[in-house]
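Colleague: I'd like to go over a predicted model; first the sequence, then the structure.
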Amino acid sequence: RWLFDRMVCTLYAFCGVLFGLSSLASLTVLSTVCCLKVCYPAYGKCWDAHAAVLLLCVWVYALTFATAPLAEWGSYGPEPYGTACCIAWEASSREATLYILALFIFCYLLPCLLILASYSLILWTVWVSRRAVQQH
């Protein structure tokens, strides 16, 4: 069972969500920037100067979704086994359902699709370049 009080549970869950989302958002930004640098070299050069802005955007994005349960949009609570805390997935209120749906779309589905599209475009560009070199 969870050994600490509700406040520590909320802090534990908040940190888990914040760092998990920032990690996935960082990977998404990294794959997108790599795609721009490989597939569109003219646009890829301008991203070097914007690294700090992109990093700030990653953390604002993660903070937005991590603080939502603190603002009563969704909630944090003990996991079903009770040994750790996370998002209360079994919450049945309309707000909690909308929060979980928003998490699924904007924090899982969209980043995964962007990563998949970025690396697919990189592979396509490398394959087309390789064929062009082989023909010469």
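Modeller: It's in.

Colleague: Quick check: what element follows the longest helix along the chain along the chain?
Modeller: Assignment by DSSP state H gives helix 6-39 as the longest helix of the chain. The helix or strand immediately downstream of helix 6-39 is helix 41-44, counting by DSSP states H and E.

Colleague: elements contacting that following helix?
Modeller: Packed against helix 41-44 by the contact rule (3 or more C-beta pairs under 8 Å, 6 or more residues apart in numbering; DSSP states H and E) you find helix 6-39. Every residue, glycine included, has its C-beta placed from N, CA and C.

Colleague: Just the buried residues of the helix it packs on, please?
Modeller: 9-10, 12-14, 16-18, 21-22, 24-26, 28-29, 31-36, 38-39 (16 or more other C-beta atoms under 10 Å).

Colleague: packing partners for it?
Modeller: So helix 6-39, by 3+ C-beta pairs under 8 Å, 6+ apart, packs with helix 41-44, helix 51-67, strand 76-78, strand 85-87, helix 110-135.

Colleague: Using TSV, lay out these together with mean neighbour count.
Modeller: Listed next are the helices and strands packed on helix 6-39 as TSV, based on neighbours: other C-beta atoms under 10 Å:
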stretch	mean neighbour count
helix 41-44	10
helix 51-67	15
strand 76-78	19
strand 85-87	21
helix 110-135	12
